[in-house]
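In: Have a look at this fold, sequence not included:
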């Protein structure tokens, strides 16, 4: 895929119940419905995608209660699965054809159309089945110094992961179990490295692991072509999963308006 089609489809994963650290901040039954200002958190994500020129079809995967609060006629709906991968599959099945799909977390309300477009266009420059964005610590601290992230040190620098991915839908079934494990380990850089083998762990501790080596290892394990995209838009990596995150993001969004 050296060139993306005229547009890509998007799936927003909004099925997570509000039963973690944020439950003391909001009575909402689902994290996606936690209010920031006068809007549910997921609505900021939907709005950014709806304003992105490269996005064609848009599917919101979530309970009926969530879907009822998103009053945009251009948004399709799908019910969540038994796990995150099941939700992805349900969302993709709601889309026609086999366009590349942008998988997006519902808890990144700082995301902007510009960040989405920049990532999609960067993906168009290389051929792959799976694209994953990373953000340097320098860029995150420059724009959002109060928001703490999980970082990994690579030879090229110190990075944090993003919360959206561009994938070829044909590989999802093949990679489902592995992807579920990776989602569970997303906050543990060492845990992720262990899944990739001893050599990766050693290089990780020596801080000489390169982006190209990670891409090659993941591609080899899954039998697909994986690519990492360095983005200058830290909004892609700022998820809301702790009370401190919610306070910081609320303050930032109030400042925008």
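Out: Sure thing, it's come through. What you are looking at is a predicted structure, and each value in this text was computed from that prediction instead of being measured. Residues are numbered from 1 along each chain as shown.
In: Now the residue of the chain positioned farthest from its centre: phi and psi?
Out: Residue farthest from the centre of the chain, counting by C-alpha atoms, centre = their mean, is residue 206 at 28.0 Å. Backbone dihedrals for residue 206, given as degrees, to the nearest 10, come out at phi -80, psi 0.
In: ranges for the strands of the stretch 101-250 of the chain?
Out: Counting by DSSP state E, counting those that start in this stretch, residue ranges of the strands within the stretch 101-250 of the chain are 101-105, 130-136, 152-154, 157-161, 164-167, 226-230.
In: Name the strands paired with the third one and say parallel or antiparallel.
Out: When pairing is defined by DSSP bridges, strand 152-154 lines up against strand 157-161 (antiparallel).
In: How about residues contacting the strand it pairs with?
Out: Among residues not part of strand 157-161, those counted as contacts by C-beta atoms under 8 Å, 6 or more residues apart in numbering are 132-138, 140, 149-152, 186, 230, 237. Any C-beta I mention is one placed from the backbone N, CA and C, and that applies to glycine too.
In: Next one: the nearest residue to residue 142 once chain neighbours are set aside from residue 246, what distance?
Out: Nearest in space to residue 142, with sequence neighbours left out and distances taken as C-beta to C-beta, 6 or more residues apart in numbering, is residue 234 at 8.0 Å. Distance check for residue 234 against residue 246: by C-beta to C-beta, to the nearest Å, it reads 17 Å.
In: Kindly report the same for residue 111.
Out: 16 Å.
In: Next: residue 50.
Out: If you measure residue 50 against residue 246 using C-beta to C-beta, the figure is 23 Å.
In: Name the residue in the two with the higher neighbour count.
Out: Higher neighbour count among residue 50 and residue 246: residue 246, with 22 against 14, using other C-beta atoms under 10 Å.
In: check contacts around that one.
Out: Residue 246 sits next to 22, 25, 34, 36, 240 when contact means C-beta under 8 Å, 6+ apart.
In: Quick check on the contacts of strand 157-161: which are buried?
Out: 132, 133, 134, 135, 136, 137, 140, 149, 151, 152, 237 (16 or more other C-beta atoms under 10 Å).
In: Am I right that the third one is in contact with residue 165?
Out: No: taking contact to mean C-beta atoms under 8 Å, the distance of 11.5 Å between residue 134 and residue 165 leaves them out of contact.
In: Low-confidence stretches in the stretch 101-250 of the chain?
Out: Low-confidence segments of the stretch 101-250 of the chain, defined by pLDDT under 70, are located at 176-195.
In: Helices along that one, start to end?
Out: Counting by DSSP state H, counting those that start in this stretch, one finds helices in the stretch 101-250 of the chain at the ranges 113-123, 137-143, 172-184, 189-196, 198-206, 211-222, 243-256.
In: Would you indicate which residues of the first one are buried?
Out: Of the residues in helix 113-123, those with enough neighbours to count as buried (16+ other C-beta under 10 Å) are 113, 115, 116, 117, 118, 119, 120, 122, 123.
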